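# sequence plus predicted model, see below.
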Amino acid sequence: MASETISVSMRRSARAERPAAPDESFSSLAFIHAASEAPAAPGAYALLIALSRPLEAKTGRSKATLAPGRYLYCGSAKGPGGLRARLGRHMRKDKRRRWHIDQLTEAGESLGAWITETKGECELVAALSALPVPLEGFGSSDCPRCRSHLLLWPEGAAPAFLAAQKC
């Protein structure tokens, strides 16, 4: 198994060489603090999680020690209950591990999420492409476009679509 310690490196989340330009269509994102604030409609989200101590995270055969800090996980909610149900599950501590993100939500604190009913999870990842990728394949093992759906949000960084949002 490959193992690495994550630092705030300049690895990028998207496959492209240049970060995506800010997209005005992301101005309709809403930040919610609790899943009960989300609609029971399909959509995508960028879940904000804070880790207070290092965490060894695994995805398939890869693993990495995630440093304390803020992480964004981009996902989609297309099933019954939509965004409200999916974020409700992610924000609960007492659950059976089903997805990669369960490792972080059990160990860290879910601070809220940016939600959208018009964009997809890969579009959110692309819009956040300037942020470092802490573990390749995390949450994106079935995604042909993205290196990872987990991103490190370093202190002082202001990703394009999050800059105008209040959390």
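Happy to help now that I have it.
# how close does the spatially most central residue of the chain get to Leu87?
For the chain, the residue sitting closest to the mean C-alpha position, by CA atoms, centre = their mean, is Tyr73 at 1.1 Å. Distance of Tyr73 to Leu87, given as CB to CB, to the nearest Å: 11 Å. C-beta here means a position set from N, CA and C on the backbone, and glycine is covered the same way.
# state the pLDDT value of Arg96.
pLDDT recorded at Arg96 is 85.
# just give the number of residues close to it.
The burial count assigned to Arg96 is 5, neighbours taken as other CB atoms under 10 Å.
# please, which helix or strand holds it?
Counting by DSSP states H and E, there is no helix or strand that carries Arg96.
# can you pull the contacts of it?
The contact partners of Arg96, by CB atoms under 8 Å, 6 or more residues apart in numbering, come to none.
# what separation do you get for it and Leu111?
Remark: distance between Arg96 and Leu111 (CB to CB) = 23 Å.
# repeat for Ala40
22 Å.
# the more surrounded of these two?
Between Ala40 and Leu111, Leu111 has the larger neighbour count (other CB under 10 Å), namely 14 against 11.
# burial measure for the closest residue in space to the more buried one that isn't next to it in sequence, as a count.
Of all residues not flanking Leu111 in the chain, Leu48 sits nearest, at 4.5 Å (CB to CB, 6 or more residues apart in numbering). Per other CB under 10 Å, the neighbour tally for Leu48 reads 21.
# quick revisit: please name the bridge partners of the residue nearest to the centre of the chain.
Residues in a beta bridge with Tyr73, per DSSP bridges, are Leu47, Leu150.
# surely it and Leu51 touch.
No: between Tyr73 and Leu51 there is no contact under CB atoms under 8 Å: 11.8 Å.
# list the residues that contact both of these two?
Contacts common to Tyr73 and Leu51, judged by CB under 8 Å, 6+ apart, are Leu104.
# show me how far the longest helix along the chain is from its chain's centre.
Longest helix of the chain, by residue count under DSSP state H: helix 82-91. Taking CA atoms, centre = their mean, to the nearest Å, the mean C-alpha location of helix 82-91 is offset from the chain mean by 14 Å.
# packing partners of it?
strand 43-51, strand 69-77, helix 102-107, strand 109-116 (3 or more CB pairs under 8 Å, 6 or more residues apart in numbering; DSSP states H and E).
# distance to Leu150 and mean pLDDT for these - can I get that in TSV?
Compiled in TSV, those are given as follows (distance: least, CB to CB, whole Å; pLDDT from 0 to 100):
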stretch	distance to Leu150	mean pLDDT
strand 43-51	9	96
strand 69-77	5	95
helix 102-107	8	94
strand 109-116	14	95
